[in-house]
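Trainee: A structural model of the following input is requested.
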Amino acid sequence: MIAPDDEADRMANLKLVTDSLGGDGAALARITRMLHGGSDLAAASKRILSELAALAGAQRGVLYVQRGSGELARLELAATYAPEPGQALPKTLRIGESLVGQCAQERKPILLDEVPRDYIRVGSVLGSMTPQGLIIQPLLFEGEVKAVIELASLKRFSDTQLAQLAQVTDSAGAVMHLIDAAARGEELLRESRALADRARKEREETKAAHARLEDKVEQLTLASHYKSQFLASMSHELRTPLNSLLILARLLVDNPEKNLSPKQVEYVQTIHAAGTDLLALINDILDLAKIESGTVVLEIDDTRISDLIDYVERTFRQVAQHRKLKFEIHKDNAVPATIATDLKRLQQILKNLLSNAFKFTERGKVSLALHTVQSGWSPERAELTNAPAVLAFEVEDTGVGIPETQRSAIFEAFRAGAAGGAHYGGTGLGLSICRQLTRMLGGEIRVESTPGKGSRFTLFLPLNSAARARPRTTVRAPLLYAPPPPESAVARPAKSVEGLAGRKVLIIDDDIRNIFALAGALEEHGIVVLDAESGKAGLDLLKRQPDIDAVLMDIMMPDLDGFDSIRLIRGLKQFRSLPVIAVTARAMKGDREKCIEAGATDYISKPVNVSHLLSLLKAWLAQ
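Mentor: Model prediction:
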């Protein structure tokens, strides 16, 4: 249907046309009323052709509508008047084709007064004859051809008929223009409605997809949470027996009573080494899980290059001597004295790279070279390209090398021994962790290798880069209990444990193996050890023996866990300053903070480093 406002505009336009023209007023009025019929151009074409044929006294006629413009313009058959039975009329004509096409091209009428006998027939049911007059007339609007009509009459057209036809065809052209415009408008309206419906459906589909995506994200978040909880639980379950194994193995290796044979000591050393390897595997799996879940927090601080070199020297010099390999460290003078990075993570990366170099090298040498560079990394690494300077750590060996087809696979998790086969073993987690940590630091690792001759791994790190990390922060125990000891008093193995003999330490742990192992290690240094296998039993023992000097509190215990046990201890006035060291095997992000928040004085993870534990006890008991 035509909107009322649009119809009013068309009627006003047509009235202007009608007022400006003379001619047959009745015919004009009938043509004008065609606008009330809507925007059906085919119906309007038939009615206009019928009116014009009657006005001119014609007995046959056709009407072609112009479509398109320019080279694509064409004439399409829209209406016929009294067609001859069986006669096939062309459906489409090009501009300039036949007299109809020529009329459209010249935009002026063509009149034939003497029609040949075999040109066209005008007939009825009773008979037919040759017409005397033929006129082809364009229907124009503002100089543009809207349609072309061809009319045939049994008589010649009079001048009056031709004049009236010329005047009315101008009005008919305006009517066809307005109806055509209305048709296009309705078509656009239908298209716009269709587009609106399509947009609505797309919005609904997008909304549904967004809801599905949110649900998927929620599921992934929940799965990640379960994964973290599973890893934390598995870490606890693995570290708890491992804690006992390593402590007792260490005690046997030390052989304080000298009652073990050298062969027995060697056996125990093998047991300790195997436990240490298992601990490294647990740590690697946890590191990879933390990286994948985005829970690793970098601690950027000024790091002295000399300290980093000392760490590498201490860690690998003995390894090189044992494997009878030459080990060299080179540093260019242009390398700055300090860099801003996460020292612990950088040490972890270099340790993995150098460990692999020694592992896959049976003869020759391993070297570490430090120098500033201007290129060598991938162009897409913007953090390196935009850095004021880039520091390169080159780890080179003369080992088995890596085939070119395997160089990308070695950075995938659990792709161990790609170059050397199963002979070298390993889990393949080390390089995967290295690559992830390097990216977090804003850097890149590149590898070059020749099978049979060796490999060179280059670690590129931007200098003065924030590396998307948070500033380093220090978590301290609440002042309600006691200020933390100075840094010099903790985090370093004690050479002496003087002052610990005779002190009472309570171990609260639900695993008798841990109690047995820790008690044995502490008693070696003259410490009096008491134990309880639950939080409640530990609280009862504290109340009965308030002279206890310190508590080692396991966190993962059934019923009353370590967090609640610490809170209950702090709730008793006489124990608010009692040193309570949390001992946990979870080793997940935030565990230390949770322990300190619960009231722990300090924190240590399993497997317990006995030397470190003794340092903590000495520092806190000295307070």
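Trainee: pLDDT wise, what is the spatially most central residue of the chain at?
Mentor: By C-alpha atoms, centre = their mean, the mean C-alpha position of the chain lies nearest to V217, the distance being 11.8 Å. pLDDT recorded at V217 is 80.
Trainee: quick check: it is in a helix.
Mentor: Yes - per DSSP: H, G, I helix; E, B strand; the rest coil, V217 lies within a helix segment.
Trainee: for it, give its distance to A211.
Mentor: 11 Å (C-beta to C-beta, to the nearest Å). Every residue, glycine included, has its C-beta placed from N, CA and C.
Trainee: do the same with D591
Mentor: D591 sits at a distance of 36 Å from A211 (criterion: C-beta to C-beta).
Trainee: quick one: which of these two has more around it?
Mentor: Taking other C-beta atoms under 10 Å, D591 and A211 do not tie; D591 has more neighbours (17 against 10).
Trainee: residues contacting that one?
Mentor: Counting by C-beta atoms under 8 Å, 6 or more residues apart in numbering, D591 touches I555, T584, Y603, S605.
Trainee: how many residues are close by the second one?
Mentor: Other residues lying near T584 total 26 when counted by other C-beta under 10 Å.
Trainee: next one: M176
Mentor: Counted with other C-beta under 10 Å, the neighbours of M176 add up to 26.
Trainee: give me the element it is part of.
Mentor: Taking DSSP states H and E as the criterion, M176 maps to helix 159-254.
Trainee: L140 too?
Mentor: strand 133-141.
Trainee: that strand: what's the following helix or strand?
Mentor: Criterion used, DSSP H and E; the element after strand 133-141 is strand 144-153.
Trainee: re the thing from before, output the contacting helices and strands for the strand holding L140.
Mentor: Where contact means 3 or more C-beta pairs under 8 Å, 6 or more residues apart in numbering; DSSP states H and E, strand 133-141 is packed against helix 41-56, helix 98-106, strand 110-112, strand 144-153, helix 159-254.
Trainee: pull the distance from that strand to the chain's centre.
Mentor: 67 Å (C-alpha atoms, centre = their mean, to the nearest Å).
Trainee: again, but for stretch 130-144
Mentor: So, by C-alpha atoms, centre = their mean, the centroid of stretch 130-144 is 68 Å from its chain's centroid.
Trainee: start and end of that stretch, how far apart?
Mentor: 33 Å (C-alpha to C-alpha, to the nearest Å).
Trainee: can you list the buried residues in that stretch?
Mentor: Neighbour-count burial for stretch 130-144 flags P131, Q132, G133, L134, I135, I136, Q137, P138, L139, L140, F141 (criterion: 16 or more other C-beta atoms under 10 Å).
Trainee: wait, doesn't the fourth one sit right on E150?
Mentor: Yes - in terms of C-beta atoms under 8 Å, L134 counts as a neighbour of E150; the distance is 7.2 Å.
Trainee: after the helix holding M176, next one along is what?
Mentor: Once helix 159-254 ends, the next helix or strand along the chain (criterion: DSSP H and E) is helix 262-293.
Trainee: next secondary structure after that next one?
Mentor: strand 299-304.
Trainee: list the pairing partners of that following strand within its sheet, with orientation.
Mentor: Paired strands of strand 299-304, with direction, are strand 338-341 (antiparallel), strand 470-471 (parallel) (DSSP bridges).
Trainee: ranking those strands by mean pLDDT, which is last?
Mentor: strand 470-471 (a mean of 42).
Trainee: hang on, isn't L354 packed against R317?
Mentor: No - if you go by C-beta under 8 Å, L354 and R317 don't touch, sitting 11.1 Å apart.
Trainee: ok, back up a step: so which of the helices and strands packed on strand 133-141 is the most surrounded?
Mentor: Of all the helices and strands packed on strand 133-141, strand 144-153 has the most neighbours on average by mean count of other C-beta atoms under 10 Å, namely a mean of 24.
Trainee: now the angle from that one to strand 133-141?
Mentor: Counting by axes from the mean of the first three to the mean of the last three C-alpha atoms, to 10 degrees, strand 144-153 lies at 160 degrees to strand 133-141.
Trainee: so between L354 and R317, which is more surrounded?
Mentor: L354 (23 against 12).
Trainee: from the contact counts, what lies against the helix holding M176?
Mentor: Helix 159-254 packs on helix 4-19, helix 25-33, helix 41-56, strand 133-141, strand 144-153, helix 262-293, helix 512-523, going by 3+ C-beta pairs under 8 Å, 6+ apart.
Trainee: quick one: these as JSON lines, columns for distance to V373 too.
Mentor: What follows is the helices and strands packed on helix 159-254, written out as JSON lines (distance: least, C-beta to C-beta, whole Å):
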{"stretch": "helix 4-19", "distance to V373": "73"}
{"stretch": "helix 25-33", "distance to V373": "86"}
{"stretch": "helix 41-56", "distance to V373": "75"}
{"stretch": "strand 133-141", "distance to V373": "76"}
{"stretch": "strand 144-153", "distance to V373": "72"}
{"stretch": "helix 262-293", "distance to V373": "26"}
{"stretch": "helix 512-523", "distance to V373": "48"}
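Trainee: between those, which gets nearest to T240?
Mentor: Nearest to T240, of all the helices and strands packed on helix 159-254, is helix 512-523, at 6.4 Å by C-beta to C-beta.
Trainee: the following helix or strand past the closest one: partners in the sheet, and parallel or antiparallel?
Mentor: Counting by DSSP H and E, the next helix or strand C-terminal to helix 512-523 is strand 528-532. Strand 528-532 has the following sheet partners, assigned by DSSP bridges: strand 504-508 (parallel).
Trainee: ok, and for the strand it pairs with, which residues are buried?
Mentor: Buried-residue list, strand 504-508, by 16+ other C-beta under 10 Å: V505, L506, I507, I508.
Trainee: could I get those as a markdown table with distance to E114 and pLDDT?
Mentor: Output for those, formatted as a markdown table (distance: C-beta to C-beta, whole Å; pLDDT from 0 to 100):
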| residue | distance to E114 | pLDDT |
| --- | --- | --- |
| V505 | 133 | 94 |
| L506 | 132 | 95 |
| I507 | 129 | 95 |
| I508 | 127 | 95 |
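Trainee: picking up where we left off before, now the strand holding L140 and helix 98-106, what's the angle there?
Mentor: Inter-element angle recorded for strand 133-141 and helix 98-106: 30 degrees (by the same axes, to 10 degrees).
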